[in-house]
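S.K.: Give me coordinates for this.
(3 chains)
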Amino acid sequence: MNPLLILLGIGLIFQTLGSLALHRFPDVYTRLHGATKCSTFGSIFIYLGVVAYATTLSTPGLILGAHTLLVMLLILLTNSTGSHAIARSAYRAGIMPKQAVVDKLAEEKK
Amino acid sequence: MQKNKNNDNITPITAAVFSLLTYLALTAGSGSILLWSLPELIAAIIFAAVTALLVYRVFNSLKIKTTPAFLNPIRWILLLAYALGPFFIALTKANLDVAYRVLTGKINPGIVKIKPDLETDLGITLLANSITLTPGTLSVDLDEENNLFIHWINVKHPEPKIEDVCSCFPEWIRRITQ
Amino acid sequence: MSFMMAAAGLLFLIILCFIRAILGPTTHDRLVAMDTTNNMVVAVLVVLGAAYNEIIYVDVAIVYAMLSFVSTLYISRYLEVAQ
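M.R.: Predicted coordinates:
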């Protein structure tokens, strides 16, 4: 099997799980869990596939690989920060987590 | 001029070096002097100087508590080892966990509080980002004493220890940033 | 060829995210869907850059990732103040 196909396939499977999580879970926080983790992990594998393809090319391919690695670093840094910002603003806007068994933040805010 | 030891502000030179390196990384492979062409190098120097002068005051006015010795290369190597070792394993576990929960729909969520005892802002940022990408946890809020509030998708205990939520991350981050 | 197939699969997933953005009961649900969509658009741009052998697509993806991050932060801060 071609390693390129395996990497792209793993990436696509996890991206599919990430967008299914948007439909399976009940509220904003649990949807954020699925969306952030799965789309970050899936993107990493897709980019690794592109890097694996770029190493088989000559000089312009090396630039393609280096820029793709830069995109990967950027996605790793920005995705989790963005989801933290969404979660914080959702809590401050008064959206309570559904089916929650414990909520320390609400006890603290009283 | 008096030199203050606790004053870890960013000087314009540091900002200029960082923006120069970013510009060169983005335009690598454009010409024949090493990897860059001559106009690209001239533009890089001009843009780096202008960006540094515009930006360093903004950074200093934010009063970020950083570690003075973060330019130490050993810390960068530790950060790389952390990202490739424990962090990547946790990321893989997190995705298999989310896959299980997406397919079966079993959730038991709640918001819990942990006290990580980290001092620098950089350390807290790294820990919050790591927590968001590790199994079943998502950082929601932060109070004045750097305590984190975490949305946990499968609550096992209402007042957990740090080890239950984020395994060995605080020790690694303390080693990297302090 | 495999890159084209991957891009087509990602486009299908973007449609799934759009359904959540249309249905979403609260504004924050729509914001989550938008964030995921941005992520996938960046992936599609990189994959198309590899398919056509054009590096400019990847450069566009870098700028798109930065701008989408800033827009996510800005919109969430706006929703926090607006309530």
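
S.K.: contacts and neighbour counts: CA atoms only from here.
M.R.: OK.

S.K.: residue ranges with poor pLDDT in chain B?
M.R.: By pLDDT under 70, the low-scoring segments of chain B are B:1-10, B:29-31, B:63-71, B:162-167, B:178.

S.K.: right, I mislabeled it, should have said chain A
M.R.: Checking chain A against pLDDT under 70 turns up A:1, A:59-61, A:104-105, A:108-110.

S.K.: Could you point out the longest helix of the chain?
M.R.: All of this is about chain A. For chain A, the helix with the greatest residue count under DSSP state H is helix A:59-92.

S.K.: The intended chain is chain C.
M.R.: When chain C is parsed with DSSP H, its longest helix is helix C:55-82.

S.K.: Give the buried residues for that helix.
M.R.: Residues of helix C:55-82 classed as buried by neighbour count (16 or more other Cα atoms under 10 Å in any protein chain shown): C:55, C:57-59, C:61-62, C:64-65, C:68-69, C:72-73, C:75-77, C:79-80.

S.K.: Report all helices and strands that it contacts.
M.R.: helix A:59-92, helix C:27-52 (3 or more Cα pairs under 8 Å, 6 or more residues apart in numbering or on different chains; DSSP states H and E).

S.K.: And the residue of chain B closest to chain C?
M.R.: Nearest residue of chain B to chain C: B:Leu26, at 8.4 Å (Cα to the nearest Cα).

S.K.: wait, that residue sits on A:Gly65?
M.R.: No - the criterion here is Cα atoms under 8 Å, and B:Leu26 misses it with A:Gly65 at 12.0 Å.

S.K.: residue with max distance from the center of chain B?
M.R.: Going by Cα atoms, centre = their mean, the residue of chain B most distant from its centre is B:Ser32, 35.1 Å out.

S.K.: Spatially nearest residue to residue 65 (excluding sequence neighbours)?
M.R.: Reading this off chain A. With Cα to Cα, 6 or more residues apart in numbering or on different chains as the criterion, A:Gly65 has its nearest non-adjacent residue at 4.8 Å, and that residue is A:Val51.

S.K.: think we crossed wires, I meant chain C
M.R.: Sequence neighbours aside, C:Val42 is the residue nearest to C:Ala65 in space, at 6.4 Å (criterion: Cα to Cα, 6+ apart).

S.K.: Give me the neighbour count for that neighbour.
M.R.: 23 (other Cα atoms under 10 Å in any protein chain shown).
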